[in-house]
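**Student:** Mind looking at a prediction? Sequence and model below.
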Amino acid sequence: QLQLVESGGGLVQPGESLRLSCLASGFTLDHYAIGWFRQAPGKGREGVLCISGSGDSINYASSVLGRFTISRDNAKNTVYLQMNSLKSEDTAVYYCALERGYYCSGSLHEYTHWGQGTQVTVSS
C-alpha cells in the first residue's frame, strides 16, 4: 500500500531550524518526484519545494528561497525538508506528496498521494 508519513514538526522560536521527514512506502521512491506543501490557517495549500527522481529541486515559494532546502535519501525511502531561519509566517501544516511522474511538473493536479501532515509552529 502506497503511503507517505511526515514527521519532525514542532514548536520553535523565530530564527531556529527544523528538519521534516517524509517516509515513503509501497513504491520505488527514486522513480517519482516528491513535493512539500504547506497550509496556514485560513489559507490555501501552497507549494514549497519539489525534488525530482534524479534529485533536482524546484522552489515553488519565493518566501523560502535561501532558507529551505529539499533532499532525498532513496536508501532510506525518505525525503527531507530542511528549514532554517524560520519565521512566524512559516507556521503551517506541512505535507509531502507524490507526483505522478519523475519530474516536478509544478501542477497541484499531478500529485496523487498525500501524507497526513505535520504541524510547524514558529512563535516566540
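**Tutor:** Cool, the structure landed.
**Student:** For beta bridges, what are the partners of the spatially most central residue of the chain?
**Tutor:** For the chain, the residue sitting closest to the mean C-alpha position, by Cα atoms, centre = their mean, is Trp36 at 2.3 Å. Bridge pairing for Trp36 (DSSP bridges) gives the partners Leu49, Cys96.
**Student:** and it, what does it touch?
**Tutor:** Residues in contact with Trp36 (Cβ atoms under 8 Å, 6 or more residues apart in numbering) are 20, 22, 47-50, 70, 79, 81, 94-97. For glycine as for every other residue, the C-beta is placed from the backbone atoms N, C-alpha and C.
**Student:** mind redoing it with 7 Å?
**Tutor:** Trp36 is in contact with 48-49, 70, 81, 94, 96, counting by Cβ atoms under 7 Å, 6 or more residues apart in numbering.
**Student:** Equivalent analysis for Thr69, please.
**Tutor:** Gln82.
**Student:** looking at it, Asp30 is touching Ser54, isn't it?
**Tutor:** No - Asp30 lies out of contact with Ser54 (Cβ atoms under 7 Å); the separation is 8.1 Å.
**Student:** Of those two, give the one with the bigger neighbour count.
**Tutor:** Neighbour tally, Asp30 and Ser54, criterion other Cβ atoms under 10 Å: the higher count belongs to Asp30, 15 against 10.
**Student:** isn't there a helix covering that one?
**Tutor:** Yes - according to DSSP: H, G, I helix; E, B strand; the rest coil, Asp30 belongs to a helix.
**Student:** confidence score at the closest residue in space to it that isn't next to it in sequence?
**Tutor:** Spatial nearest neighbour of Asp30, excluding adjacent residues (Cβ to Cβ, 6 or more residues apart in numbering): Asn74 at 4.4 Å. Looking at Asn74, its pLDDT is 90.
**Student:** Pull the number of nearby residues for Asn74.
**Tutor:** Burial measure for Asn74: 14 neighbouring residues, criterion other Cβ under 10 Å.
**Student:** Put the alpha carbons of stretch 33-48 into CSV.
**Tutor:** Extracted C-alpha coordinates of stretch 33-48, given in CSV (Å, rounded to 0.1, in the frame of the first residue of the first chain):
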residue,chain,number,x,y,z
ALA,A,33,9.2,13.4,-7.8
ILE,A,34,8.1,14.4,-4.3
GLY,A,35,6.8,17.8,-3.3
TRP,A,36,6.5,19.6,0.0
PHE,A,37,3.5,21.8,0.5
ARG,A,38,2.1,23.8,3.4
GLN,A,39,-1.2,25.2,4.5
ALA,A,40,-1.5,28.0,7.0
PRO,A,41,-4.7,28.7,9.0
GLY,A,42,-7.3,30.3,6.7
LYS,A,43,-5.2,30.0,3.6
GLY,A,44,-4.9,27.7,0.7
ARG,A,45,-2.3,25.0,0.1
GLU,A,46,1.0,26.4,-1.1
GLY,A,47,3.8,24.6,-2.9
VAL,A,48,7.2,24.9,-1.1
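**Student:** Many thanks, have a good one.
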